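Engineer: Pasted the sequence and its predicted model underneath.
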Amino acid sequence: MSLEEQIRQLEEEIKNTPYNKATEHHIGRLKAKLARLREEAEKQKAKTGRPSFSIKKDGDATVVLVGFPSVGKSSLLNALTGAKSEIGAYDFTTLKPVPGMLEYNGAKIQIIDLPGIVEGASKGRGKGREIISAVRNSDLVVIIADPFNLESIKIIQRELYNGGIRLNQKPPEVYVKKLERGGLKITSTVPLSIDEQTIYEVLREYRIHNAEVLIREDVTVDRFIDAILRNRVYIPAIVVVNKIDLYNPGNLPDSVIPVSAEKKINLDLLAKSIYEKLDLIRIFLKPPGGKADLNEPMIIKRGMTVGDVCKKLHKDMYRNFRYARVIGKSAKFKEQRVGIDHVLEDGDILTIYA
């Protein structure tokens, strides 16, 4: 039996098995086996030279537009960035990625219009694997639907999930330390919904027989499997419904952003949402003894440190770092002297001494 046949068989068995306490262990083992077989199938396809898009990342962050064909991704790219992505009244107008640059609040955000995704993309249908590969390397996913096929949103989310992409999630707080001997030791700092036997079944499926496992959240079986595989990517996402000028927006879920690329409706709201979801902040550099350049901010991710800024400027700056001074929200007092691990905040003025 081929890998694909085994995968289909397992998918059917999981779908048809009622979930209860009696079947919990069995389903956990099946899900672990399914994830393992999918990974093996991907590795086999990679050996045959799986194609990928050639995308040069540019700017402070990269955002991809993902949606079914003919939902207006190209029109939206053009409206946001002034790019020249071809627009047509038929499916699959965009056959390769088309980039544009959105400038917002001092940040240069690369927006990439990807070819239309279709159901079955995670299994290679259409340009599915190339699209999923491009999404995995992005900083933000913008899922685009039109108001007449909102079901496409769930289909896209499912295809990306099956491609190992976890939208709007954080990595599971599960830590597995493999050992040479000693068996399995499971430690949890929180009450768990899944029992130890299910955890043992999943570990055995991956031939982990000696390990220390520390669990710091109430994980599901799926997130526990993700923690073992360690090949998932966690990317923020927003959902946009285009062509809103043709539909009553009052019938849309609150979680989506209604826009019209053609009529230029809510484009400012979308740009603001992209910037905020990327969690970018601005800092201003001040040379020792000089004045701060308040016209050209450096854009960094929230949570970055002085050391991260040094690395971004030049590797020698990090290697030769002595200390820094900060004016702004992250400082306890004016021109606080800080070390390399100091976490910066939006609007900080930073002087580095190296």
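Structural biologist: Cool, got the structure.

Engineer: Pretty sure T62 sits in a strand.
Structural biologist: Yes: using DSSP: H, G, I helix; E, B strand; the rest coil, the assignment for T62 is a strand.

Engineer: Give me the pLDDT value at it.
Structural biologist: T62 is assigned a predicted lDDT (pLDDT) of 96.

Engineer: Quickly find the element holding the residue lying closest to it once chain neighbours are set aside.
Structural biologist: Distances taken as C-beta to C-beta, 6 or more residues apart in numbering place Q110 nearest to T62, at 4.6 Å, with adjacent residues excluded. Quick note: C-beta positions are derived from backbone N, CA and C, even for glycine. Q110 is located in strand 107-113, with elements delineated by DSSP states H and E.

Engineer: what's in contact with that strand?
Structural biologist: 55, 57-65, 73-74, 76-77, 80-81, 83, 85, 94, 97-103, 134, 138, 274-275, 278, 280, 282, 299 (C-beta atoms under 8 Å, 6 or more residues apart in numbering).

Engineer: Next, count neighbours for the residue nearest to T62.
Structural biologist: 21 (other C-beta atoms under 10 Å).

Engineer: Just give the nearest non-adjacent residue to I199, would you?
Structural biologist: Nearest non-adjacent residue to I199 (C-beta to C-beta, 6+ apart): I186, at 5.8 Å.

Engineer: got it, and K108?
Structural biologist: In space, K108 is closest to G59, 3.9 Å off (C-beta to C-beta, 6+ apart).

Engineer: residue contacts, that neighbour?
Structural biologist: 101, 107-110.

Engineer: Give me the secondary structure label for it.
Structural biologist: coil.

Engineer: From K312, how far off is it?
Structural biologist: According to C-beta to C-beta, to the nearest Å, G59 stands 13 Å off from K312.

Engineer: Would you mark the buried spots in stretch 10-22?
Structural biologist: For stretch 10-22, the neighbour count (16 or more other C-beta atoms under 10 Å) marks L10 as buried.

Engineer: Output that stretch as PDB, nothing but the C-alphas.
Structural biologist: Taking C-alpha atoms only, stretch 10-22 is exported to PDB below (Å, rounded to 0.1, in the frame of the first residue of the first chain):
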ATOM      1  CA  LEU A  10      -6.100   6.900   8.300                       C
ATOM      2  CA  GLU A  11      -8.000  10.000   7.500                       C
ATOM      3  CA  GLU A  12     -11.200   7.900   7.000                       C
ATOM      4  CA  GLU A  13     -10.600   5.900  10.200                       C
ATOM      5  CA  ILE A  14     -10.200   9.100  12.300                       C
ATOM      6  CA  LYS A  15     -13.300  10.700  10.600                       C
ATOM      7  CA  ASN A  16     -15.400   7.600  11.300                       C
ATOM      8  CA  THR A  17     -14.200   6.900  14.900                       C
ATOM      9  CA  PRO A  18     -16.400   8.500  17.500                       C
ATOM     10  CA  TYR A  19     -14.400  10.400  20.100                       C
ATOM     11  CA  ASN A  20     -14.800   9.400  23.700                       C
ATOM     12  CA  LYS A  21     -12.700   8.300  26.700                       C
ATOM     13  CA  ALA A  22     -12.600   4.800  25.400                       C
END
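
Engineer: where does the stretch 101-250 of the chain dip in pLDDT?
Structural biologist: 248-250 (pLDDT under 70).

Engineer: how about the strands of it, start to end?
Structural biologist: With strands called from DSSP state E, counting those that start in this stretch, the stretch 101-250 of the chain shows them at 107-113, 140-145, 165-167, 174-178, 184-188, 211-215, 233-235, 237-241.

Engineer: closest one to L10 among these?
Structural biologist: Between L10 and the strands of the stretch 101-250 of the chain, the tightest spacing by C-beta to C-beta is seen for strand 165-167, at 20.7 Å.

Engineer: What helices and strands are in contact with the closest one?
Structural biologist: helix 128-136, helix 151-162, strand 233-235 (3 or more C-beta pairs under 8 Å, 6 or more residues apart in numbering; DSSP states H and E).

Engineer: which of those sits most buried?
Structural biologist: With neighbours taken as mean count of other C-beta atoms under 10 Å, the helices and strands packed on strand 165-167 reach their highest mean count in helix 128-136, at a mean of 21.

Engineer: Could you check the angle that one makes with strand 140-145?
Structural biologist: 130 degrees (axes from the mean of the first three to the mean of the last three C-alpha atoms, to 10 degrees).

Engineer: so what's the spatially most central residue of the chain closest to, chain neighbours aside?
Structural biologist: By C-alpha atoms, centre = their mean, the chain has its centre lying nearest to I235, at 1.3 Å. Spatial nearest neighbour of I235, excluding adjacent residues (C-beta to C-beta, 6+ apart): V141 at 5.5 Å.

Engineer: That neighbour and V239 touch, don't they?
Structural biologist: No: V141 is beyond contact range of V239, at 9.3 Å (criterion: C-beta atoms under 8 Å).

Engineer: For V343, which residues are in contact?
Structural biologist: V343 neighbours (C-beta under 8 Å, 6+ apart): 303-305, 330.
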